[in-house]
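A.B. asks: with the sequence up front, the predicted model follows.
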Amino acid sequence: MFDKIIEQVQAKLERNLTLDRNANYSTDDQMLVNLFLGLVLEASEVANEFHKCKTVEQYLQTRNIANTEEEMGDVFFYWLALSIKLGLDPNKIVKRNIEKLDERYLKMLEKLSGSDNI
């Protein structure tokens, strides 16, 4: 699913790490810290796009699609880069997450259908 993108992000990470090492101020550990913080900060930017509005309706009417899309791209980059640096398989992460959500949804449906029988 992400194979081509993973290659591009890996190359960018290696370039950045080489540049950082040449500047003598960064290590793999520092890169991990930067990726963790970047993910959190960019996710907060996505949340802020919604938070600027008082209601869902207002967001849907006034949202800045280009800005939301840009922030979502930043979140995706940091998530993917962090996955790669931690040695995790992004495809596996997404697959497991979908399975987890499917299970949760089925349990919720079972609970709701069971409550009708009371």
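C.D. replies: Ah, there it is.

A.B. asks: need the longest helix for this structure.
C.D. replies: helix 90-115 (DSSP state H).

A.B. asks: buried stuff in that one?
C.D. replies: Neighbour-count burial for helix 90-115 flags Pro90 (criterion: 16 or more other C-beta atoms under 10 Å). (Glycine included, C-beta is placed from N, CA and C.)

A.B. asks: poorly predicted segments of the protein, please.
C.D. replies: 17-26, 63, 115-118 (pLDDT under 70).

A.B. asks: which strands and helices lie in contact with the host helix or strand of Lys4?
C.D. replies: Using DSSP states H and E, Lys4 sits in helix 3-22. Under the contact criterion of 3 or more C-beta pairs under 8 Å, 6 or more residues apart in numbering; DSSP states H and E, helix 3-22 touches helix 28-51, helix 65-85.

A.B. asks: what's the angle from the longest one to helix 65-85?
C.D. replies: In this structure, helix 28-51 runs at an angle of 150 degrees to helix 65-85, with axes from the mean of the first three to the mean of the last three C-alpha atoms, to 10 degrees as the basis.

A.B. asks: alpha carbons of whichever helix or strand comes after helix 28-51, in CSV - could you do that?
C.D. replies: As assigned by DSSP H and E, the chain's next helix or strand after helix 28-51 is helix 56-62. The C-alpha coordinates for helix 56-62 follow below in CSV (Å, rounded to 0.1, in the frame of the first residue of the first chain):
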residue,chain,number,x,y,z
VAL,A,56,-19.2,21.1,12.8
GLU,A,57,-21.6,23.0,10.4
GLN,A,58,-19.4,26.1,10.6
TYR,A,59,-16.3,24.1,9.9
LEU,A,60,-17.9,22.4,6.9
GLN,A,61,-18.9,25.8,5.5
THR,A,62,-15.8,27.8,6.2
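
A.B. asks: done for today, thanks.
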